[in-house]
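Visitor: Coordinates for the following, if possible.
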Amino acid sequence: MTKILVIHGPNLNLLGRRQIDIYGTTDLKTINDEVLKKAKALKVAVEFYQSNHEGDIVEAIGKADKKFDAIIINPAAYTHTSVAIRDAISAINIPTIEVHLTNIYAREDFRQKSLISPVAKGVISGFGVNSYLLGLDAAVSMSKPR
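Guide: Sure, this is the predicted structure:
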């Protein structure tokens with residue numbers, strides 16, 4: 001069975017109560033529930049991981065190619081700052097899909113540059129929770145089950 005790791009970056013645990021005018025009222029549990037529901041329909045397994053710590057995310061990525069067929073990652077603020085996460089994605093041999101709830105290209109100038117995009121297989125942004133669901137479709141289509 002295809003296995004997908006979904007990584008949520010810093011502050012995404014605060015969704016639903018953080019900057020509602022930008023991110024809306026959907027919380028992380030709801031996002032995970034929607035992804036899980038779609039994963040069941042696609043007959044794939046998903047595991048979720050959220051961390052506010054860059055090194056923990058790097059370690060999760062580094063271990064992923066032993067257990068997962070693809071990664072969906074919302075690096076959040078690390079999108080624009082983390083060479084370490086970029087290097088971890090480059091070091092593994094499984095497809096990684098970058099997702100964002102908001103359209104990062106319509107945000108502040110500093111948010112319009114992603115260090116992750118050049119090493120991701122693709123980027124989906126601006127569709128809210130649907131960014132994750134579209135990311136799941138992409139991850140499944142690009143992965144080869146073990």
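Visitor: so residue 35 touches residue 134, yeah?
Guide: No. Residue 35 is not in contact with residue 134 according to C-beta atoms under 8 Å; the separation is 10.8 Å. For glycine as for every other residue, the C-beta is placed from the backbone atoms N, C-alpha and C.
Visitor: Grab the nearest non-local neighbour of residue 84.
Guide: residue 58 (5.1 Å; C-beta to C-beta, 6 or more residues apart in numbering).
Visitor: so how far is the helix or strand where the one you found lies off the chain centroid?
Guide: Here residue 58 sits within helix 54-64, counting by DSSP states H and E. A distance of 13 Å separates the centroid of the chain from that of helix 54-64, by C-alpha atoms, centre = their mean, to the nearest Å.
Visitor: just stretch 48-64 next, same as before
Guide: Worked out by C-alpha atoms, centre = their mean, stretch 48-64 lies 11 Å from the chain centre.
Visitor: returning to what we had before: let's see the helix holding residue 58 as CSV, backbone CA atoms only.
Guide: Output of helix 54-64 as CSV, limited to C-alpha atoms (Å, rounded to 0.1, in the frame of the first residue of the first chain):
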residue,chain,number,x,y,z
GLU,A,54,13.3,22.9,12.1
GLY,A,55,15.6,20.1,13.2
ASP,A,56,12.7,17.8,14.0
ILE,A,57,11.3,18.4,10.5
VAL,A,58,14.7,17.7,9.0
GLU,A,59,14.9,14.4,10.9
ALA,A,60,11.4,13.4,9.9
ILE,A,61,12.3,14.0,6.3
GLY,A,62,15.6,12.1,6.6
LYS,A,63,13.8,9.0,7.9
ALA,A,64,10.9,9.2,5.5
